[in-house]
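# Okay, here's the prediction I keep looking at, along with the sequence it came from:
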Amino acid sequence: MSEFNFDNMKNVDIPDSWIEGALKVPKNIQRPTPFLKHSKIIAFAASIVLVCSISVALFFVTNDNPVVPPIKYDETECNTFAHKKDSTVENSVGETTRETHKNNKSTEVVQSDVETVLESSTENKKPTSFKPEKTEPTEVTKPTTNVSTEKDEDDGRIPSNPDSAPDSKPDSNPNKPRPTQSGGKPTTPPATENGEQESPPDPPETEGSYVKSYESGIITAKIHKEDLSEMMYCRIYDKNGNIIGDSNLFSNSKRAQIVMESEGSDGFEQADDYNTVEYNTERIGTNLGAGTYRVVFYGKNGVDICNGFIYVS
Amino acid sequence: MGEIQFFGMTYEDVIRKYKQTVGAVCVMRLKNYADAEDCFQNTFFILYKNAPHFETETHLKAWLIRVAINECNKYIRKNKPFVSLDKTSADSVDFPTDNCDMSWALSKLDSKYREVLYLFYAEDYEINEIADILQKSPNTVKTLLRRGRVKLRKMYGGDDNE
């Protein structure tokens, strides 16, 4: 097609009127600059950013409860927290006991994570201000038979323990609100108008494991069979919450002995479900001075089985 | 108007330089002088209003052709229901019949072939450039070019295989 051409079409006669008409353009025409081309988009984005920033600012200004990061508890706090959670008032000895950890049988933990497991094993996740080291003997329910009575009979002295509610009886019924929920202190009956305290209702029989007695350096505890672990350990805290002796949770010095298989021969109907666990305080290596101590029995997985107080004179 | 410069050319210089190209595209597309004049002026007005940045002068020329085709398409779409037969016959373009000049034959073709053939043979654009201007794929341009040639041969009494 080289011999052919499109000259007629290429050389279309363009009148001057077309050019004049093309030159008649408004002089004050507004040409969009690159920025103004997207001015609407930019303005829209800027307005969104402005609204968001104002909302955030108002949120922080008007919020009375500032956002705080999750509280990380140290080991002591976790321990005390777990103790508090499982604490109940024991009726006969004036000691606190804990309920059985029926749901924690399959929990596998390592020693470093014991506190975490303790925390997760409890029902109430929120820590309170309970501090066992701050628990004064006077705040605990009245010690009776096994400890205080023996002390009274031995040296005739009034034990330094408490006190406060001599007629109060413990309540370890799991279906009933625990008296130690508020700071580990036993609940006191409401005062009457005359300032006298009403006697609490008769508590149901104790079903959980509990620290039974302290005698001749041996701490005895009744452990429910469902709570009983293959290896039992015992840890003793002084009134300040410090661990006496080795701090290792599973050291040999902490080992307690399962001394007796209860067979119901002691006349108690529920005795069939309990074993006696003893811990000789001489294993600590240091003598316990006079005072009040907190005792915690726990199993091989580090779960707190029961705890209570002993009074050494 | 002196503030606008395109490669050292003023707006008026650009019009005078590319009037033939833009005008030919409009006339070829619309086959009507009156309509072509509107599209011609709109094309340069858009150039003046937007004043886009061109990397090369070739880019400027291609841009003008592209805008002229768009304006023609817009005009056809807008005025299609109202085209007057009297007006069309009065201002229609009739290229003289010439054995060597194929403008008249080209004007008889469908617009999609006409544009491709014009850009390829008259403006000497490459297939890829035509594809960019018409916003079609190169294969589509090749197909249109081949079919357009066949149609031109038929107009001149030739065979499809010639």
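Everything's here; your move. Numbering: from 1, shown residues only, chains lettered A, B, ... in the order given.
# Need the pLDDT of residue 121.
Answering for chain A, as no chain was given. pLDDT, A:Ser121: 47.
# looking at chain B here, not the other one
85.
# Which of the three states applies to it?
What DSSP: H, G, I helix; E, B strand; the rest coil gives for B:Tyr121 is helix.
# Please list the residues outside stretch A:20-32 that contact it.
With contacts defined as Cβ atoms under 8 Å, 6 or more residues apart in numbering or on different chains, stretch A:20-32 is touched by B:1, B:11-12, B:15, B:37, B:40-41, B:44-45, B:48-51. Just so you know, the C-beta spots here come from the backbone N, C-alpha and C atoms, and that holds for glycine as well.
# and if you look at stretch B:33-43?
Applying Cβ under 8 Å, 6+ apart, the contact partners of stretch B:33-43 are A:14-15, A:17-18, A:21-22, B:19, B:22-23, B:26-27, B:29-30, B:64, B:67-68, B:71-72, B:75, B:79, B:87, B:91, B:93.
# So, low pLDDT: which residues of chain B?
Within chain B, the stretches with pLDDT under 70 are B:1-3, B:80-102, B:158-162.
# same deal with chain A?
Under the criterion pLDDT under 70, the flagged ranges of chain A are A:1-5, A:32-37, A:65-207, A:260-272.
# Run through the residues that contact A:Lys254.
Contact analysis of A:Lys254 by Cβ under 8 Å, 6+ apart lists A:Tyr233, A:Cys234, A:Arg235, A:Gly245, A:Asp246, A:Asn248, A:Arg283.
# wait, is the last one part of a helix?
Yes: the assignment for A:Arg283 is a helix, going by three-state DSSP.
# What about the nearest residue to it once chain neighbours are set aside, how many residues nearby?
Nearest in space to A:Arg283, with sequence neighbours left out and distances taken as Cβ to Cβ, 6 or more residues apart in numbering or on different chains, is A:Ser253 at 4.9 Å. A:Ser253 is flanked by 14 other residues according to other Cβ atoms under 10 Å in any protein chain shown.
# Select only the buried ones of the contacts of stretch A:20-32 in ChimeraX?
The following ChimeraX line selects those of the contacts of stretch A:20-32 that are buried, judged by 16 or more other Cβ atoms under 10 Å in any protein chain shown:
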select /B:11,15,37,40,41,44,45,48,51
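# ok, so of the contacts of stretch A:20-32, who is nearest A:Asn307?
Ranked by distance to A:Asn307 (Cβ to Cβ), the contacts of stretch A:20-32 are led by B:Asn50 at 84.3 Å.
# ok, for that closest one, nearest residue in space, not its chain neighbours?
A:Arg31 (7.1 Å).
# Tell me how many other residues crowd the one residue in chain B that gets nearest to chain A.
Nearest to chain A, among the residues of chain B, is B:Ser103, at 3.6 Å (Cβ to the nearest Cβ). B:Ser103 is flanked by 26 other residues according to other Cβ under 10 Å.
# go on, A:Asn242?
Per other Cβ under 10 Å, the neighbour tally for A:Asn242 reads 11.
# ok, now A:Ile14?
22.
# That one contacts B:Tyr18, doesn't it?
No: under the criterion of Cβ atoms under 8 Å, A:Ile14 makes no contact with B:Tyr18, lying 10.2 Å away.
# which strands and helices sit next to the longest helix seen in chain B?
Taking DSSP state H as the criterion, chain B has its longest helix at helix B:57-79. Under the contact definition 3 or more Cβ pairs under 8 Å, 6 or more residues apart in numbering or on different chains; DSSP states H and E, helix B:57-79 sits against helix B:11-30, helix B:33-50, helix B:127-134.
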